[in-house]
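Asks: turn this into a structure:
(2 chains)
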Amino acid sequence: MEELLRVSNEIIHQIYFVLAGLCGLVLLRGLFSRNTRKTIVYDIVYAYTIIPFLLRALHIK
Amino acid sequence: MFDYEKYKTPRKIVLLLLALALAGFGAREFTELRTMKETVVVSDAFTKMVMLSDYFPPIKGTGVDTPVYIYDSGVPGGSMFYLGGTHPYEPATMLSAYVMMENLKVEKGRVFICPHANMSASTVGMLGNAYPKFLHVETAFGPKPYRIGDRNTSPLDQWPDPFTYVHYPSGQNLDYTDARNLNRTYPGRPDGNLTEQLTFAIMELNRKEKITLFVDAHEASLMYPVVSTYVAHDRALDMAMMASMMLSATEFPMKCEASPKNLRGLSHRDAGDFCDSLVILMETPEPFIDRVAGKITEKLMMDGKDEFLQTAAEHGLLFTDYDISVGCPMWDRVGRHLSGALAMIQQMNDFLMEPEKELQLSFPNYSDLKEHGLGHFLNDPAKADPAKVFLN
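Replies: Numbers count the residues shown, from 1 in each chain, chains lettered A, B, ... in the order given. Sure, this is the predicted structure:
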């Protein structure tokens, strides 16, 4: 039972890394093909907010 | 009117490339801290190095597994387990462990030293605090680098955090980040989160090795009441009282407090409740982590001189003595931990009066560091016997 819980914990841990990668991809899509908020300010926001998700998905930070 | 549709794709590509460049610079910094290794040259009394996972195999191969250095005199007696780096952003704890490891002589009993109790936390910087990554101790062979880590286990090793951390077994609700805080997860549990498993492994070592004295070293901000203080579990309280009086009379002011019964997860409470060891926690003044301190630099970490803290001291806002002409230098804080541990061992021997629990050893104390400096007690790994050099 303890081993099952530990493995489950690790699976959840890895799922969150995958989710971080997916968030990064959603932001990338938002940067290039969004229909609202088209100003350069939002371009900067979308580009900048990719950074933490990218670093998390790559297991760097 | 600015036409945002014009050149929009090249503009976005340029912004994305800029963000990726920033990510690259950041990644280099984070990776440097995560992969940097500290060196230690163990003394002649060293017996062997084991991994904490030898006491609880499920943490083997994880980011929290950490080396434990054993010094066995071969003469039956008591034992001490010294933890440095429970919170790696309190680096005098880890440095005191290293000074101990490089200079220890044991005549009776055994000593277990873990310089990085939370190895994972030592590989990541404090989020949002612009801390320097490393500190350097001046030695005769040049500056020797050490890591300045975080308070909690790295999110790369344990993530996500819960909304509220429910302490086991008390059920007390704690701050969500305390799920990754080694000193809020005692006594740990074998099927808990990774930090709880780490705590459980530490407790397993205490129980299996029948540790007599368990010392958890910490540093505190000067505006925190529990600074320059022993916090003692019930069984160790009389000894800690005597040790604090002895230190205050001979070397430096040291307070003593009883571990509160309703504040759960801390070593001085739940480690003491769940093993037979005498448990104490020691706090030294660390100017680096006060919210009022000025620029957080390596210089501040090493000399502890800050004009804002001086102003706070003049207004009676600090809970320890502070004078900017002296500061709180690293040698002082490391020396406090060393003398603090020696004083507890002396009191333990006097109070217990049981030969089978007596511990006889020596390592540099506060006065030695005051006279010779911290670097004097660190050995050059390049000139040492390679069998005595370890990487952490």
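Asks: going forward, measure contacts and count neighbours with C-alpha atoms only.
Replies: Will do.
Asks: downstream of the host helix or strand of residue A:8, the next helix or strand is which one?
Replies: Residue A:8 belongs to helix A:2-32 when elements are defined using DSSP states H and E. Counting by DSSP H and E, the element after helix A:2-32 in chain order, helix or strand, is helix A:40-57.
Asks: give the burial count for residue B:145, as a bare number.
Replies: 16 (other CA atoms under 10 Å in any protein chain shown).
Asks: typo on my end, it should be residue B:254
Replies: Using other CA under 10 Å, residue B:254 has 24 other residues around it.
Asks: ditto for the one 10 residues further on
Replies: By other CA under 10 Å, 24 other residues sit near residue B:264.
Asks: now do the helix holding residue A:8: distance to the chain's middle.
Replies: 8 Å (CA atoms, centre = their mean, to the nearest Å).
Asks: so which bits of it are buried?
Replies: Neighbour-count burial for helix A:2-32 flags A:6, A:9-10, A:13-14, A:16-18, A:20-21, A:23-24, A:27-28, A:30-32 (criterion: 16 or more other CA atoms under 10 Å in any protein chain shown).
Asks: just name whatever secondary elements it is in contact with.
Replies: helix A:40-57, helix B:8-35 (3 or more CA pairs under 8 Å, 6 or more residues apart in numbering or on different chains; DSSP states H and E).
Asks: so what's the closest residue to residue B:79 other than its chain neighbours up against?
Replies: Counting by CA to CA, 6 or more residues apart in numbering or on different chains, residue B:79 lies nearest to residue B:110, which is 4.7 Å off, once chain neighbours are set aside. The neighbourhood of residue B:110, defined by CA atoms under 8 Å, 6 or more residues apart in numbering or on different chains, consists of B:70, B:71, B:72, B:73, B:74, B:77, B:78, B:79, B:80, B:359.
Asks: give the bridge partners for residue B:110, please.
Replies: According to DSSP bridges, the partner residues bridging residue B:110 are residue B:72, residue B:79.
Asks: who touches residue 56 in this structure?
Replies: In the absence of a named chain, this looks at chain A. By CA under 8 Å, 6+ apart, the neighbours of residue A:56 are A:17, A:20, A:21, B:156.
Asks: meant chain B, my bad for not saying
Replies: Contact analysis of residue B:56 by CA under 8 Å, 6+ apart lists B:200, B:201, B:204.
Asks: got it, and residue B:224?
Replies: B:318, B:319.
Asks: what confidence value was assigned to the residue nearest to residue B:79?
Replies: As predicted, residue B:110 sits at a pLDDT of 97.
Asks: just the contacts of residue B:56: which are in helices?
Replies: Using DSSP state H, the subset of these located in helices is B:200, B:201, B:204.
Asks: out of those, who's nearest chain A?
Replies: Distances from chain A to these, taken as CA to the nearest CA, are shortest for residue B:200 (13.2 Å).
Asks: find the nearest non-adjacent residue to that closest one, please.
Replies: Leaving aside its chain neighbours, residue B:200 sits nearest to residue B:188 (4.3 Å; criterion: CA to CA, 6+ apart).
Asks: hey, which of the helices and strands packed on helix A:2-32 is tucked in deepest?
Replies: The highest mean neighbour count among those belongs to helix A:40-57 (a mean of 19), with neighbours defined as mean count of other CA atoms under 10 Å in any protein chain shown.
Asks: any idea of the angle that one forms with helix A:2-32?
Replies: Helix A:40-57 and helix A:2-32 are oriented at 160 degrees to each other (axes from the mean of the first three to the mean of the last three CA atoms, to 10 degrees).
Asks: what angle separates helix A:40-57 from helix B:8-35?
Replies: Here helix A:40-57 runs at an angle of 30 degrees relative to helix B:8-35 (the same axes, to 10 degrees).
Asks: mean confidence score for helix A:40-57?
Replies: Per-residue pLDDT values across helix A:40-57 average out to 95.
Asks: which SS class is residue B:112?
Replies: Local secondary structure at residue B:112 is given as strand here, using DSSP: H, G, I helix; E, B strand; the rest coil.
Asks: from what I can see it touches residue B:84, true?
Replies: No - look at residue B:112 against residue B:84 with CA atoms under 8 Å: they stay out of range, at 11.1 Å.
Asks: who in chain B is up against chain A?
Replies: Where chain B comes near chain A, counting by CA under 8 Å from any CA of the partner chain, the residues are B:4, B:9, B:12, B:15-16, B:19-20, B:22-23, B:27, B:30-31, B:124, B:155-156, B:158-160, B:190-193.
Asks: contacting residues for residue B:356?
Replies: Under the criterion of CA under 8 Å, 6+ apart, the contact list for residue B:356 reads B:76, B:77, B:78.
Asks: tell me the pLDDT at it?
Replies: At residue B:356, the model reports a pLDDT of 87.
Asks: same question, residue B:1
Replies: 65.
Asks: what residue in the stretch 51-200 of chain B comes nearest to chain A?
Replies: Distances between the stretch 51-200 of chain B and chain A by CA to the nearest CA are smallest at residue B:191, namely 5.0 Å.
Asks: find me the pLDDT at that residue, would you?
Replies: Confidence score, pLDDT, at residue B:191: 89.
Asks: right, and it touches residue A:9 too?
Replies: No - the pair residue B:191 / residue A:9 is not scored as a contact, 9.3 Å apart, by CA under 8 Å.
Asks: give the contact list for the most centrally placed residue in chain A.
Replies: Most central in chain A under CA atoms, centre = their mean is residue A:20, positioned 2.7 Å from the mean C-alpha point. Residue A:20 makes contact with A:53, A:54, A:56, A:57 under the criterion CA under 8 Å, 6+ apart.
Asks: same check, this time on residue B:336
Replies: When the contact criterion is CA under 8 Å, 6+ apart, the partners of residue B:336 are B:252, B:284, B:365, B:366.
Asks: of those, which belong to helices?
Replies: Cross-referencing those against helices under DSSP H gives residue B:366.
Asks: how about the contacts of residue B:336, which pair is most distant?
Replies: B:284 and B:365 (14.5 Å; CA to CA).
Asks: which of those two has more residues huddled nearby?
Replies: Regarding residue B:284 and residue B:365, a neighbour count based on other CA under 10 Å identifies residue B:284 as having more, with 29 against 22.
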